[in-house]
Structures are given as C-alpha cells and as structure tokens.
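[1] Okay, sequence plus prediction incoming.
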Amino acid sequence: MESDVRSFLAAFEPVDEYDAPWGAGTLRIAWYLHDGPLPPAVLSRVTSIRCIVLRLDPQYPERPEVLVIRTRDGHTHVWPGGRREPGESPRETATREVWEEAGCRVRGLRPIGFTHLYRTEPPPPGHPYPTEFFYALYAAELLTQDETARGLDKDEEDLGFVPIADLSSVELESAARPIVEAALRAVRPAAGGGSYTAGVAQISEQGVAPALIFGRDQKILFIGDSITDCGRRGGADSTGPHVPYGNGYVHLARAFLLARHGEQGLEIVNRGISGNTVRDLDRRWEQDVIAEQPDWLSVKIGINDVWRLIANRRADHVPLDEYEATLRKLLD
C-alpha cells in the first residue's frame, strides 16, 4: 500500500506546499489538482472531504462567485468540509458538510484534487493519530442556501459569496486561487461557456441558441427504465438492431449530437433497463453510474414506481417519500 501511495503522488506536482505547526510537531501540507478517482491506497487514508461551492448566476454569468468562510479565530478559507462518517461516500460527506457548515444545498459534485498531509518527524510515543492522511477536494454548484440550517457547534463566524474576480482582496492561502479556478472549470459545462441556466436565459431573452454545454470528449450517461432502455440490450443473446443505444430518446439525442457536433467526440452511454424503479437504480448505481465516471448524467425514472399501485401490485409500488429520499441520495 505504501508503494502505491508513493507511485500515485509521483505523478503530480503540488500547486502549493508548506509546513504548519501540529501539536508538538510539524505537518507538511501539499495541495494537488486531480479530476480523476483516487486509488484505493489513497482513498483509505482520506479522513476529510472539502468542497468548493460556486454560485453561477444566470443573470451575470461573467461574475461567478465562491463561498468564503471566516472562522472565529480569524482564518479565512474557501473549502468547507469535515470528517467522513462511517459508511459515507466522499460525495455524501461533502453534501452533508456543506449543508451543516454553510446551509448550502449543492449539485454537480466533481473531484478536483486532494491534499496530502504528513508529519515531517517521527511521532511521540503513544501518538493516537495517523502520521499521514489525505483530504479529498470537490467542487459543486449552489442550488439553495439557508443559513438558519447551519449547525450550532460550528466554528464559522461569517460566510458569504465573493466574486472570483475579487478574491485577491481576500486574505486566503496561496493554494486557494488555483483550486478555485479548477473548481470553476469543473462546474462550468465548458470553458468559457457559462452555466446551463445561463444558456437557457440566453434563449429566452435573446432568441438565440446557447453554446453547446458539453465539453470535448465528455461522456453523457442516460439511466432509467424502459423509456430509456428502448431495446438497447437486445434479445436473449444481447444482439439486435437497437443495441447499444435503443431506439428512443437516447438514440435521437446521440444522432443529433453526432450530426451537429461530431467534432466534439462525445461518448453516449445508455444504462436504461425496462421495468426498473428507483430501488433498482439504487442497487446498480455504483456499477452503472459511479464506475462509469460520466461528465453528464440524465435520470428518467418513476413510472414503474407509480403504476404498480394503480395495478394493485402494492408490494412492488414505491411510496412517494421513499422515491424522493432514494433519488435525492443517488443524485447527491
């Protein structure tokens, strides 16, 4: 495991690195940019998840903002987060922490980097804490904010959104700027293209089509029930005229994108399965969504959850509260 960690780190250069006092010793802290998954040897040592929260206002797409937090001891930072609870995925931790710490509901969580922390000298006898550990860094877009929902035990004195263009006026660690810029690249659909909501506003207000929201070589994954499946799995031998995209809306979306934007090299993946409910999506989410690492995700699910009640198949019916809770868990 140790060699796996060293091999992984050797592939990167930190955007910032410094020493900080830690108890009776010194902690070396290095910040890295990385938009891919962390290997198991590193993930097993991730003790904390941090998340850069961006606000993209469709009325002012050229003025993206980032959440800035000032703690009671005077420290200012842009990465709310905290320790992983047992059984939590990194995305679940990030979602929970930004809600508890800042009252923010977010979407579009994407990995953007990691922090490597380790003691520069041997620990004292009986030292109870690990001498080397990691933070995982994510970026997300703000959906809503309710500061009254913040936990009462938090150390934050003040928080607010600051235009990224004005960050030079805020006293932050030197790693903050490149990490915020990486977060903006990850959350925005395409470099310089603004947000999806900004594109929609452009259509309604100016009567013109927005720039393509998908970036070059990105993967778009569709998941759902028969409406998405539409024969994409073929017959018993997994062959057929509509494998692997089906003959429904996924096929039409792919045909349009290839015809109009073939140079983008977009990859379309269909993971619809006829008869599925949100429970089925929950069972196969890790394999069919997380493992695929899509850049964009479309979920169309719900008709089977409902009609089985109408058909008096109550055992297969998914109640509304379960449907909502499960879908929120998957999308968070």
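    Great, that's in hand.
[2] Quick check: most distant residue from the centroid of the protein.
    residue 125 (39.5 Å; C-alpha atoms, centre = their mean).
[3] In three-state terms, label that one for me.
    Under the three-state scheme (DSSP: H, G, I helix; E, B strand; the rest coil), residue 125 adopts coil.
[4] so what's it scoring on pLDDT?
    Note for residue 125: predicted pLDDT of 78.
[5] any idea how far residue 24 is from it?
    Computed with C-beta to C-beta, to the nearest Å, the distance linking residue 125 and residue 24 is 12 Å. (Each C-beta comes from the backbone N, C-alpha and C, glycine too.)
[6] Same check on residue 269?
    Distance of residue 269 to residue 24, computed by C-beta to C-beta: 52 Å.
[7] Who has more neighbours out of those two?
    Neighbour count, other C-beta atoms under 10 Å: between residue 269 and residue 24, residue 269 has more, with 19 against 9.
[8] Remind me which helix or strand that one belongs to.
    Under the criterion of DSSP states H and E, residue 269 resides in strand 267-272.
[9] what distance separates that strand from the centre of its chain?
    19 Å (C-alpha atoms, centre = their mean, to the nearest Å).
[10] Check stretch 265-279 too.
    With C-alpha atoms, centre = their mean, you get 19 Å for stretch 265-279.
[11] same question for it, mean pLDDT?
    Here the average pLDDT along stretch 265-279 is 94.
[12] What are the buried residues along that stretch?
    Buried positions in stretch 265-279, judged by neighbour count with 16 or more other C-beta atoms under 10 Å: 266, 268-274, 276-278.
[13] gap between the two ends of that stretch?
    Length of stretch 265-279, first residue to last, C-alpha to C-alpha, to the nearest Å: 33 Å.
[14] Based on its surroundings, how many neighbours for residue 225?
    21.
[15] low-scoring stretches of the stretch 1-150 of the chain, by residue?
    1, 127-128, 147-150 (pLDDT under 70).
[16] Okay, helices next: where are they in it?
    All helices of the stretch 1-150 of the chain, identified by DSSP state H, counting those that start in this stretch, fall at 2-9, 40-43, 90-102.
[17] which residues sit against the shortest one?
    Helix 40-43 has contacts (C-beta atoms under 8 Å, 6 or more residues apart in numbering) with 1-2, 4-5, 8, 37, 90, 114, 134, 136.
[18] residues in contact with stretch 269-286?
    219-230, 232-233, 244-246, 250, 288-289, 292, 294, 299-302, 304-305, 316, 318, 322-323, 326-327, 329-330.
[19] Any idea how far apart the tips of it sit?
    For stretch 269-286, the first-to-last residue distance is 15 Å (C-alpha to C-alpha).
[20] related to what we said a few turns ago, any idea which of the helices of the stretch 1-150 of the chain is most buried?
    Highest mean neighbour count of the helices of the stretch 1-150 of the chain: helix 90-102, a mean of 22 (counted as mean count of other C-beta atoms under 10 Å).
[21] Kind regards, and thank you for your time.
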